[in-house]
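Colleague: this one's structure only:
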């Protein structure tokens, strides 16, 4: 599963960075290119904050959070035995690394860089985003599905019946031998 996780993360990171390179070298800041009319518009912006440009000026905080996410994914990676969880962690890692790379190495300075956003779908979201953001949101959707279905990192499933049985077993008092003891 580590190979799956790694390949997914590498693919997401590479596609994200290549797309951002093409945008930054082909478009001017603020330029619109209608790819599919009003369905998909390329609109180059530099985002100093989080999603929807929230918390602008707190880039260093997001850099630290992203670094912590990377460490957490690496720590959990050794426990993964499910291809679905490998996909989740691969998407999360690739997307996080894509935006972290921007924060670390793009203008204005190390650790304070702006994330390059360029995808605008006004009919769907009132935000401009990038490939890394899509990967992170997709990972979160997979997380919700896996959690609701009770899929563990090792691929086993936890059902409500097994949870109830485990809870009942934990609450059940220990049964002692009811036979009176006689001295010999």
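Modeller: Arrived safely. This is a predicted model, so every value here is computed, not measured.
Colleague: Which residue ranges of the protein form strands?
Modeller: Listed in chain order, the strands of the chain (DSSP state E) span residues 32-34, 41-47, 115-120, 128-129.
Colleague: Work out the gap between the second one and the centre of the chain.
Modeller: Translated: strand 41-47. Mean-position distance between strand 41-47 and its chain equals 21 Å (CA atoms, centre = their mean, to the nearest Å).
Colleague: tell me the contacts of residue 76?
Modeller: If you count contacts by CB atoms under 8 Å, 6 or more residues apart in numbering, residue 76 has them with 89, 153. C-betas here are computed from N, CA, C, even on glycine.
Colleague: Offset the numbering so it begins at 47, please.
Modeller: That works, and once the first residue is 47, the last one we named lands at residue 122.
Colleague: tell me the pLDDT at it?
Modeller: If you check residue 122, the pLDDT there is 88.
Colleague: Share the number of residues neighbouring residue 77, please.
Modeller: Here the count is done by other CB atoms under 10 Å, and residue 77 has 13 residues near it.
Colleague: correct me, but it touches residue 91?
Modeller: No. Between residue 77 and residue 91 there is no contact under CB atoms under 8 Å: 9.8 Å.
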